[in-house]
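Asks: Sequence isn't available, so here's the structure alone:
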């Protein structure tokens, strides 16, 4: 996700939104608590700092996990962006967390994609395709190792920096990442938004869509368009049947088209944008009624709850009927047994009377 900012000199790694670059603050630290202390102090001062410090590679595995755990315990935002240089054993972290606006846009887009994928899975008859779709998991912010440096997923950063990282993800992930979707948000004014889609092997240097405007408060007629994602963008290309693959450059030139797995319309992107800025600043920005997407999971849960309730009622009805029928059968059996006993007693009396062993009355 990117923030729109004025043209600036080439962005340094981890540059903050709205600025060309920020010189890192070098720390002489050796413990997690020392790092935490500086982060909290700098945040409370409002400093937009990039922290750099030496940290041995064999101690790197749990560094960021421990930092995030301690920050959460202290009711502080997690570290969203970092890089690690193996050559110099240096960590670079951006201590300023993303805004509520950026977070809500990211969460809204994530939830929309998950919901559409769930719908496709529910209606997919082909078991092979259904298993492929079910194998797709949210991995959170993705880390990529390139040129002996770990790069954290782009967040609220200048456009050029995000686009550079997007290319790194696709070019340096051994085919594991085939598509990068970038939402470029004007900040802090939050009046405009653009979308870009970078795909491995696509024409125009990989850009299927590049900085297409999808929202502008100053426009009466908002742009019309959509972003298409294919199953081959989301799982290993070797496993995906041709019918679910994004058309190649040659296929597009030949006029080949296929139905995308997930379509995100500009209208839905605008709804996510409007909802996010309303949550960021509810006194300044409003939402439209249609901006709140119905959650298919909630609807599914309602259907399941209703079905369970109806099943329970039906079960109780059947149990009551079976109990009543059992009681009727027991009563009938008892009545028949009593009648049979009375018949036998009467027959025995008649026999004894006939044999003279019992006087007739």
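Replies: Yep, that arrived. Computed from a prediction, not measured in an experiment: that's the story for all the values here. Numbers count the residues shown, from 1 in each chain.
Asks: which residues sit against the lengthiest strand in the chain?
Replies: Scanning the chain for the longest strand, with DSSP state E as the assignment, gives strand 207-216. Here strand 207-216 makes contact (CB atoms under 8 Å, 6 or more residues apart in numbering) with 159, 184, 191-199, 202, 204, 222-223, 225, 227, 266, 269-270, 273-274. In this view, the C-beta of every residue, glycine as well, is placed from N, C-alpha and C.
Asks: what is the rounded mean pLDDT of the helix or strand where residue 351 lies?
Replies: Assigned by DSSP states H and E, residue 351 belongs to helix 296-354. Computed over helix 296-354, the mean pLDDT rounds to 79.
Asks: What helices and strands are in contact with it?
Replies: Where contact means 3 or more CB pairs under 8 Å, 6 or more residues apart in numbering; DSSP states H and E, helix 296-354 is packed against helix 100-123.
Asks: Give me the angle between the helix it packs on and helix 296-354.
Replies: On the basis of axes from the mean of the first three to the mean of the last three CA atoms, to 10 degrees, helix 100-123 is oriented at 50 degrees to helix 296-354.
Asks: Now do the same for the very next helix or strand once past helix 100-123: mean pLDDT, whole number.
Replies: Counting by DSSP H and E, the next helix or strand C-terminal to helix 100-123 is helix 127-134. The pLDDT scores in helix 127-134 average 93.
Asks: Contacts for helix 127-134 next, please.
Replies: So helix 127-134 is contacted by 117, 120, 121, 124, 231, 235, 239, 240, 241, 244, 261 (CB under 8 Å, 6+ apart).
Asks: tilt between it and helix 100-123?
Replies: Using the same axes, to 10 degrees: helix 127-134 against helix 100-123 is 160 degrees.
Asks: on that earlier part again, now neighbour count, distance to residue 134 and pLDDT too, for the contacts of helix 127-134, in a markdown table please.
Replies: Output for these, formatted as a markdown table (neighbours: other CB atoms under 10 Å; distance: CB to CB, whole Å; pLDDT from 0 to 100):
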| residue | neighbour count | distance to residue 134 | pLDDT |
| --- | --- | --- | --- |
| 117 | 18 | 9 | 92 |
| 120 | 15 | 10 | 92 |
| 121 | 15 | 6 | 91 |
| 124 | 16 | 9 | 92 |
| 231 | 24 | 12 | 95 |
| 235 | 17 | 10 | 88 |
| 239 | 14 | 13 | 86 |
| 240 | 20 | 14 | 92 |
| 241 | 12 | 16 | 93 |
| 244 | 21 | 14 | 95 |
| 261 | 25 | 13 | 95 |
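Asks: picking that back up, next, check the contacts of strand 207-216 against the strands and list the overlap.
Replies: Short answer: these in strands (DSSP E) are 184, 192, 193, 194, 195, 196, 197, 198, 199, 227.
Asks: Spatially, which two of those residues are the most separated?
Replies: 192 and 199 (24.0 Å; CB to CB).
Asks: Looking at those two, which has the bigger crowd around it?
Replies: Shown here are residue 192 and residue 199; by other CB atoms under 10 Å, residue 199 has more neighbours (21 against 18).
Asks: From the ones in strands among the contacts of strand 207-216, pick the one nearest residue 57.
Replies: With CB to CB as the yardstick, the closest approach to residue 57 among the ones in strands among the contacts of strand 207-216 comes from residue 198, at 30.2 Å.
Asks: Excluding sequence neighbours, find me the nearest residue to that closest one.
Replies: Excluding the flanking residues, the one nearest residue 198 by CB to CB, 6 or more residues apart in numbering is residue 180, at 4.4 Å.
Asks: does the one you found sit in a helix, a strand or a coil?
Replies: strand (DSSP: H, G, I helix; E, B strand; the rest coil).
Asks: check contacts around it.
Replies: When contacts are counted by CB under 8 Å, 6+ apart, residue 180 touches 166, 167, 169, 170, 197, 198.
Asks: cutoff 10 Å now
Replies: 153-154, 162-163, 165-170, 196-200, 206, 233 (CB atoms under 10 Å, 6 or more residues apart in numbering).
Asks: what about this protein, any weak spots by pLDDT?
Replies: Along the chain, the parts satisfying pLDDT under 70 run over 1-23, 47-48, 97-98, 138-157, 202-204, 293-306, 358-361.
Asks: care to break it down by domain?
Replies: Listed domain ranges for the chain are 10-94, 100-294 (source: automatic domain parsing).
Asks: mind checking which of these is nearest residue 357?
Replies: The nearest among these, by CB to CB, is domain 100-294 at 83.0 Å.
Asks: Work out the gap between the closest one and the centre of the chain.
Replies: Computed by CA atoms, centre = their mean, to the nearest Å, the chain-centroid distance of domain 100-294 equals 12 Å.
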